[in-house]
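What follows is a predicted protein model with its sequence.
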Amino acid sequence: MPETPRLSRLSDLADSTLCPLLVIKVGSALLVDGQGARRQWLTELVAEIAAAKQRGQKVIVVSSGAIALGARRLGLDKGGRGSLADAQAAAAVGQIALSGLWAELLAAHGLSAAQLLLTLEDLEDRRRYLNVTATLTRLLDAGAVPVINENDSVATQEIRFGDNDRLAARVAQAARADAVLLLSDVDGLYDRHPSEPGATLLPVVTGVTDDIRAMASPVSGSGMGSGGMISKLQAAEIAELAGIALAIGNGTKDQPIARVVEQGIATLFLPRASRASAAARKAWLGGRLRLKGTLIVDAGAARALREGASLLAAGLSGVDGQFSRGDAVAIKGPEGAVIAHGLCEYDASECAALKGQKSAQHAAILGYAPRPAIVHRDQMVMV
């Protein structure tokens with residue numbers, strides 16, 4: 001059966017056949033300035049979203065700006081990011097204003113806005129992740145435009161995304177979107193810092209490699225948001241695992257979507273795997289940001305995993321962290337790089353007892369009939 005055509009150019013982001021569902025992430029610096037919400041700019045962006053709906057596309061918005069907007073209303077220093085308590089308070093105030101603004105402007109085009117506030121655990125826990133998928137599917141089928149933000153009023157440093165770039169990619173996975181457009185304050189990914197002489201914008205990137213990561217800067221250009229280019233590349237990697245394309249474009253310009261789609265000024269990240277080959281469970285697992293522990297494997301096991309094998313105890317050389325059976329863990333090769341994520345069949349103490357041991361010895365060590373693998377290949381994804 002031939003593979004369904006997928007988008008390969010920035011112009012395809014406006015094609016309802018190649019891109020039936022588009023996730024658009026809007027950064028804080030675009031929505032809020034020193035005077036408050038940038039209402040006129042947002043009005044024009046909403047008109048572009050309405051045009052996408054008119055041509056048959058479904059749209060999800062991931063909107064930053066609650067903390068920045070709330071901090072201004074409360075008079076908090078450092079844009080509301082001076083402390084966790086300030087950020088939570090600013091988010092609680094700003095989210096009301098932000099969601100009201102989106103609802104008002106979308107309603108002017110006859111569109112219904114739906115607000116979802118998500119935490120990291122909503123997308124890291126498999127059952128809650130599926131609940132998010134079901135809600136988004138129903139809202140989109142009903143013609144609504146979901147407007148999503150991290151629930152910063154209750155999130156803490158330990159249980160938060162930290163930036164809406166990665167949130168947008170995880171939402172795209174959950175919604176089974178075709179593409180993500182990250183609107184920020186940069187044109188896209190340059191081969192070096194954009195301020196350096198001779199810096200060149202990369203129009204298309206196929207797969208995020210170490211060379212591509214080396215081009216990224218961790219700094220948010222405006223200082224208002226929480227993510228720089230590194231977070232955007234992490235988002236591209238998350239999207240890639242689900243066979244989803246991701247584009248980075250400059251939202252500071254007028255009609256930013258048209259600028260990306262019609263003028264081609266952006267960077268488009270194309271996944272190396274097709275959506276058909278990216279199983280939903282493995283895409284969820286590969287995109288997880290919070291892992292409970294680490295399994296370290298030897299060179300032979302690392303090679304076997306890359307060839308599609310399960311992780312056996314004989315190839316396990318180290319165990320780090322406290323985790324239980326069924327928890328998500330990172331799998332590292334002998335050089336220390338993460339090569340896979342997986343759901344472990346044993347708890348941490350059992351893994352430590354079994355490491356390096358042949359299968360015939362497992363029953364005597366554990367006192368019960370062992371499972372066939374430490375991490376089965378069906379519960380693992382290479383990263």
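Good, I have the coordinates.

List the buried residues of the strand or helix carrying residue 72.
According to DSSP states H and E, residue 72 maps onto helix 66-74. By neighbour count on 16 or more other CB atoms under 10 Å, the buried set for helix 66-74 is 66, 67, 68, 69, 70, 71, 72. C-betas here are computed from N, CA, C, even on glycine.

In terms of pLDDT, where does the second one sit?
Model confidence at residue 67, given as pLDDT, is 89.

between the buried residues of helix 66-74, which is closest to residue 117?
Comparing these against residue 117 with CB to CB places residue 66 closest, at 9.0 Å.

ok, that closest one touching residue 149?
Yes. Using CB atoms under 8 Å, residue 66 is in contact with residue 149, at 5.7 Å.

give me every residue that touches the closest residue to residue 232 other than its chain neighbours.
Distances taken as CB to CB, 6 or more residues apart in numbering place residue 165 nearest to residue 232, at 5.0 Å, with adjacent residues excluded. Residue 165 makes contact with 25, 182, 227, 231, 232, 234, 235, according to CB atoms under 8 Å, 6 or more residues apart in numbering.

picking up where we left off before, relative to helix 66-74, how tilted is the helix or strand that the helix holding residue 72 is followed by?
Sequence order places helix 84-107 as the next helix or strand after helix 66-74, per DSSP H and E. Interaxial angle, helix 84-107 versus helix 66-74 (axes from the mean of the first three to the mean of the last three CA atoms, to 10 degrees): 100 degrees.

I'd like the average pLDDT over helix 84-107.
In the prediction, helix 84-107 has an average pLDDT of 93.

and that helix, what does it pack onto?
The helices and strands touching helix 84-107, judged by 3 or more CB pairs under 8 Å, 6 or more residues apart in numbering; DSSP states H and E, are strand 36-37, helix 39-54, strand 58-63, helix 66-74, strand 113-118, strand 145-150.

Just the strands from the stretch 151-300 of the chain, written as ranges.
Ranges of strands within the stretch 151-300 of the chain are 179-184, 204-206, 245-250, 266-270, 293-297, based on DSSP state E, counting those that start in this stretch.

Distance from the second one to the middle of the chain?
Spelled out, it's strand 204-206. For strand 204-206, the separation from the chain centroid amounts to 18 Å (computed by CA atoms, centre = their mean, to the nearest Å).

Spatially, which residue comes closest to residue 252, not counting chain neighbours?
For residue 252, the spatially nearest residue (CB to CB, 6+ apart) is residue 185, at 5.5 Å.

So what's the residue count around residue 34?
As a burial measure, residue 34 scores 5 neighbours (other CB atoms under 10 Å).

And the one 10 residues further on, by the same measure?
Residue 44 has 16 neighbouring residues, counting by other CB under 10 Å.

Kindly provide the distance from it to residue 109.
Going from residue 44 to residue 109 by CB to CB, to the nearest Å gives 12 Å.

Identify the residues contacting the helix holding residue 72?
With CB under 8 Å, 6+ apart, helix 66-74 has contacts from 28, 31-32, 36-37, 76, 78-81, 86-87, 89-95, 97-98, 149, 152, 224.

Buried subset of the residues you listed, written for ChimeraX?
Restricted to buried positions by 16+ other CB under 10 Å, the ChimeraX selection for these reads:
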select :28,31,32,37,76,79,80,81,86,87,89,90,91,92,93,94,95,97,98,149,152,224
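
for residue 307, phi and psi?
Dihedral angles of residue 307 (phi, psi; degrees, to the nearest 10) stand at phi -90, psi 0.

burial measure for it, as a count.
8.

Can you give me the distance of it to residue 300?
Relative to residue 300, and taking CB to CB, residue 307 is found at 11 Å.

Run through the bridge partners of residue 296.
Beta-bridge partners for residue 296, by DSSP bridges, are residue 318, residue 332.

hang on, isn't it packed against residue 317?
Yes. Between residue 296 and residue 317 there is a contact at 5.2 Å, judged by CB under 8 Å.

what touches both of the two?
Joint contacts of residue 296 and residue 317 (CB under 8 Å, 6+ apart) are residue 334.

What residues does the closest residue to residue 245 other than its chain neighbours make contact with?
Distances taken as CB to CB, 6+ apart place residue 179 nearest to residue 245, at 4.4 Å, with adjacent residues excluded. Residue 179 makes contacts with 7, 12, 13, 19, 22, 23, 172, 244, 245, 246, 247, as judged by CB under 8 Å, 6+ apart.

Counting only helices, which of the residues you listed make the cut?
Using DSSP state H, residue 172 are the members of the contacts of residue 179 that sit in helices.

Reformat the contacts of residue 179 as a markdown table; add distance to residue 359 and neighbour count.
Below are the contacts of residue 179 laid out as a markdown table (distance: CB to CB, whole Å; neighbours: other CB atoms under 10 Å):
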| residue | distance to residue 359 | neighbour count |
| --- | --- | --- |
| 7 | 46 | 21 |
| 12 | 49 | 19 |
| 13 | 50 | 25 |
| 19 | 47 | 20 |
| 22 | 48 | 25 |
| 23 | 44 | 29 |
| 172 | 40 | 28 |
| 244 | 38 | 28 |
| 245 | 42 | 29 |
| 246 | 41 | 30 |
| 247 | 47 | 26 |
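
Which residue in the contacts of residue 179 has the weakest pLDDT?
Out of the contacts of residue 179, that is residue 7, at 86.

How much space separates the closest residue to that one other than its chain neighbours from residue 123?
Spatial nearest neighbour of residue 7, excluding adjacent residues (CB to CB, 6+ apart): residue 18 at 4.4 Å. From residue 18 across to residue 123, the span is 26 Å (CB to CB).

just residue 198 next, same as before
40 Å.

who's more crowded, the two?
Remark: of residue 198 and residue 123, residue 123 carries more neighbours, 24 against 7, as counted by other CB under 10 Å.

Can you classify that one as helix, strand or coil?
helix (DSSP: H, G, I helix; E, B strand; the rest coil).
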